[in-house]
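Student: Curious how this folds, go ahead:
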Amino acid sequence: MRIVILGSGRGSNARAILQAQRAGRLGRGEVVQIFSDQPDAGILQLGAEFGVSAAHLDASPFKTKLEGEGEARYIKAIQACAPDVVVLAGFMRVIKPGFLDAFAGKIINLHPSLLPSFPGLDGIGQAWRRGAKITGCTVHHVTAEVDGGPIIDQAAVRVEAEDTLETLTAKVHAAEHALLPAVLARLSET
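Tutor: You can find the predicted model right below:
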């Protein structure tokens, strides 16, 4: 199963996937490409560390969505990788219909809440501010509805009385780093 990862930040979830691959825990999955919309994103440094092609790919002209010329660049570059799965791992852009159509049924996202609760930006902060006692993370198929696609799997994280927003964030990230590679390993066997 050929995997392309898209990310905008430091790449901690991409690192978890690549570490699982290196340890033989990614099933029949193989990361073949990493793309970032940010030229200085930490995720790009993972390429050299793990022997995977990693490149900045301009998503202009928009800052928060993938549409127009940027969308066309992404579609062309990703299609050249012949992916079976496109993983949005901290890719901070709204995906539009052209991209969804080009990779129908192949795009998955990791979200830091137990969807359908707390969709959109800052899922952990939303849960914290609402006083949730259980939160977590979700891997789901990507559709036109932001964080509204069919759920593949979830991992729950209990919010303890002694937690701070920072400790809760660390616990959710740890759950993400376990869940996403496990989901990819399962998908690779189907």
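Student: Distance check, the residue nearest to residue 180 when sequence neighbours are not counted against residue 176.
Tutor: Spatially, and ignoring its direct neighbours in sequence, residue 180 is nearest to residue 110 (5.1 Å; Cβ to Cβ, 6 or more residues apart in numbering). Backbone N, C-alpha and C define where each C-beta goes, glycine included. As judged by Cβ to Cβ, to the nearest Å, residue 110 and residue 176 stand 6 Å apart.
Student: The residue nearest the centre of the chain and residue 127: what is the separation?
Tutor: Most central in the chain under Cα atoms, centre = their mean is residue 89, positioned 2.0 Å from the mean C-alpha point. Using Cβ to Cβ, residue 89 is found at 20 Å from residue 127.
Student: How far does the helix of greatest length in the chain sit from its chain's centre?
Tutor: Criterion DSSP state H: the longest helix present in the chain is helix 165-188. Here helix 165-188 is found 10 Å from its chain centre; the criterion is Cα atoms, centre = their mean, to the nearest Å.
Student: buried set for that helix?
Tutor: The neighbour-count check on helix 165-188 (16 or more other Cβ atoms under 10 Å) flags 168, 171-173, 175-177, 179-185, 187-188 as buried.
Student: What is that helix packed up against?
Tutor: Judged by 3 or more Cβ pairs under 8 Å, 6 or more residues apart in numbering; DSSP states H and E, the packing partners of helix 165-188 are helix 12-22, strand 85-88, strand 107-111, helix 123-130, strand 134-141, strand 151-158.
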